[in-house]
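>>> show me how the following folds:
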Amino acid sequence: MHGAHSSATGEPSRPHTRYSLATTVEIRASGLPGTVLAQLSNISLSGCYVSTPQKLAEHTRVRIVLHSGSLKAELWGIIQRQDRDGLGIRFSNGTTVEDWKALESIIEHLQTKKQATSAGY
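Here you go, the predicted structure:
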C-alpha cells in the first residue's frame, strides 16, 4: 500500500494536537532543590513545552503540577529535549487516573475554545 502513513495536512504527524496555554506549572525532579515554577507554552495529551531557565538533562523523570481554571492535574513526564528557552516534556502518565482525566478535560476545553475562536465568535 502506498501513502498509508501520510497525514492529511502533509505535515509530519504528531500523536496529538498541541494547544497554546499560558499558565504557570510546578516542576519537581529528584535533581532539583524543591519546586521549580515554569511558564507553560503549549500542551497536548502527549506532552508540553515549558519556558524556564532551569536546565534538566534529557530523560530526567519529572512531576508536573498543572492548574487550569478549577482543574488541577499532577502528571509524570520525561524530559525529551532542552533548548535555551525551556524544556520539552513527554507525559508518561498521571499520578492518578483522576489526574489523567483532568488533563483530558483541560485539552477538551482548549479544543472547544479554539474551535469557537476560529469560528469567529
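>>> C-alpha from now on. contacts and neighbour counts both.
Will do.
>>> please, which helix or strand holds the residue nearest the centre of the chain?
Geometric centre of the chain, nearest residue: C48, 2.3 Å, by CA atoms, centre = their mean. Per DSSP states H and E: C48 is located in strand 47-51.
>>> repeat that for K113.
Element membership of K113, judged by DSSP H and E, is helix 97-118.
>>> wait, G34 sits on R63?
No - here G34 does not reach R63: they are 11.6 Å apart, not a contact under CA atoms under 8 Å.
>>> tell me the pLDDT of H67.
The score at H67 is 92. That number is its pLDDT.
>>> and for A119?
pLDDT for A119: 66.
>>> run through who's touching the strand holding C48.
Strand 47-51 has contacts (CA atoms under 8 Å, 6 or more residues apart in numbering) with 38-43, 77, 85-91.
>>> and that strand, what's buried?
Neighbour-count burial for strand 47-51, counted by 16 or more other CA atoms under 10 Å, picks out 47-51.
>>> can you list those residues in TSV and add distance to E98 and pLDDT?
Shown next, in TSV, are these (distance: CA to CA, whole Å; pLDDT from 0 to 100):
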residue	distance to E98	pLDDT
G47	17	97
C48	19	97
Y49	22	97
V50	23	97
S51	26	96
